[in-house]
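> A predicted structure for the sequence below; I have some questions about it.
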Amino acid sequence: QSVLTQPPSASGTPGQRVTISCSGSTSNIGSHTVDWYQQLPGAAPKLLIFSNNQRPSGVPDRFSGSKSGTSASLAISGLQSEDEADYYCSTRDDSLNGVVFGGGTKLIVL
Amino acid sequence: QLQLQESGPGLVKPSETLSLTCTVSGGSISGNDYYWAWIRQPPGKGLEWIGQMSHIKNAYSNPSLKSRITISVDTSKNQFSLQLSSVTAADTAIYYCARRAGSSSSRWFDPWGQGTLVTVSS
């Protein structure tokens, strides 16, 4: 049972816009910035979004992040087949005095 | 650019200690306000933060693993290490090392090592 709640799966067709939610509490998302990681099949996770809505160099602007209260979202527009991956949200948690991850969302491109 | 590489035994016996090292290249492990972290992923499951340490030895670890974890940083070798004692089959996972970048107000894991699979079995 993860501290941060994500839907187990999401899907969309090429070109569509999909969103992945990440729900937490006042001790984590409500108090700290959120990051998102993309894990392609068989690969290590890669930073996709940091500080709620910032994209590292090289990440397409099709990927965007937002945060409101105790929830965060990752949006992917213009969905492409290569976006099929697992996506994880992460933040600090004051109750645990550490870092927590969501359970992950498997994105399927139909 | 900064690269991280995990190394260590791929097979550990139950009740023994798992030991992994992460070698940092393309940059120094010293300086800046960074932490050096370990994260694991059981086969087919999600990510779990294990712990992290700065080069000045400030350390944080997952409360569920705290009693079994030792994380150390060797600035002379540009490496950091993880020891996890009294392992069981539940500790079988891909172990990743990563830099905890950013600053006190906002941090993130970047970059990550490629990961190393550690299996606990007799």
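Perfect, I can see it now. Numbers count the residues shown, from 1 in each chain, chains lettered A, B, ... in the order given.
> Quick one: residues in contact with the longest strand seen in chain A.
Determined from DSSP state E, the single longest strand within chain A is strand A:85-93. Residues from elsewhere that reach strand A:85-93 (Cβ atoms under 8 Å, 6 or more residues apart in numbering or on different chains): A:3-4, A:6, A:20, A:22, A:24, A:27-29, A:31-41, A:45, A:48, A:72, A:74, A:98-102, A:104-107, B:46-47, B:49, B:107-109. C-beta here means a position set from N, CA and C on the backbone, and glycine is covered the same way.
> right, and B:Ser7 touches B:Gln79 too?
No. Contact criterion Cβ atoms under 8 Å: B:Ser7 and B:Gln79 do not qualify, at 9.2 Å.
> joint contacts of the two?
B:21-23.
> lowest confidence element among the helices and strands of chain B?
Among the helices and strands of chain B, strand B:59-61 carries the lowest confidence by mean pLDDT, DSSP states H and E, at a mean of 93.
> all strands of the chain, in order?
Let's take chain A. A:9-12, A:18-23, A:35-39, A:46-49, A:63-68, A:71-76, A:85-93, A:98-101, A:105-109.
> Chain B is the one I meant
Under DSSP E, chain B gives strands at B:3-7, B:11-12, B:18-25, B:35-41, B:48-54, B:59-61, B:69-74, B:79-84, B:93-103, B:106-112, B:116-120.
> Packed most tightly, which of those would that be?
Of all the strands of chain B, strand B:35-41 carries the top mean neighbour count, a mean of 25, counting by mean count of other Cβ atoms under 10 Å in any protein chain shown.
> partner strands of it, parallel or antiparallel?
strand B:48-54 (antiparallel), strand B:93-103 (antiparallel) (DSSP bridges).
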